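> sequence and predicted model, in that order:
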Amino acid sequence: MPTALWIAHVTVTDAEAYGKYAKAAGPAIADHGGVFLARGGRYVQLEGADRARNVVARFPSVEAAVACYNSDAYQAALSHAKGAAIRDLVVVEEAE
């Protein structure tokens, strides 16, 4: 089964609340086999809408990433991000 990438592009509007999200989301992601590959590091925007925070995590599968997103632990973390950020999130299956 191919692995999957969870790719988030974020503009943080409330750093304190978003920090609470990030602190709680990390363990929820790890519990579903997610491993961070990039988390808010240096980037170059070449096309499209610029978002200052970019996060990439690898999961064992698309299903594992979606299960993480729908989990109680991640949804509890996500409650801190609502109203604290503008986010785009996609899960993409990696090529074999």
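Yes, it's here. The structure displayed is predicted, hence computed values, not measured ones.
> which residues in this structure form strands?
4-12, 35-39, 53-59, 85-93 (DSSP state E).
> JSON lines for those strands, including mean neighbour count, distance to A25 and mean pLDDT?
Quick note: C-beta positions are derived from backbone N, CA and C, even for glycine. What follows is the strands of the chain, written out as JSON lines (neighbours: other CB atoms under 10 Å; distance: least, CB to CB, whole Å; pLDDT from 0 to 100):
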{"stretch": "strand 4-12", "mean neighbour count": "19", "distance to A25": "10", "mean pLDDT": "97"}
{"stretch": "strand 35-39", "mean neighbour count": "13", "distance to A25": "10", "mean pLDDT": "96"}
{"stretch": "strand 53-59", "mean neighbour count": "19", "distance to A25": "9", "mean pLDDT": "97"}
{"stretch": "strand 85-93", "mean neighbour count": "15", "distance to A25": "11", "mean pLDDT": "97"}
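> looking at the chain, which helix is longest?
helix 15-31 (DSSP state H).
> quick one: which of the strands of the chain is nearest V66?
Proximity to V66 (CB to CB) singles out strand 85-93 among the strands of the chain, at 6.4 Å.
> now the strands of the chain as TSV including distance to A65?
Shown next, in TSV, are these (distance: least, CB to CB, whole Å):
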stretch	distance to A65
strand 4-12	5
strand 35-39	11
strand 53-59	4
strand 85-93	4
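> just so I know, which of the ones you listed lies nearest Y21?
Between these, strand 85-93 lies closest to Y21; by CB to CB that is 7.7 Å.
> can you state the direction angle for the closest one and helix 15-31?
20 degrees (axes from the mean of the first three to the mean of the last three CA atoms, to 10 degrees).
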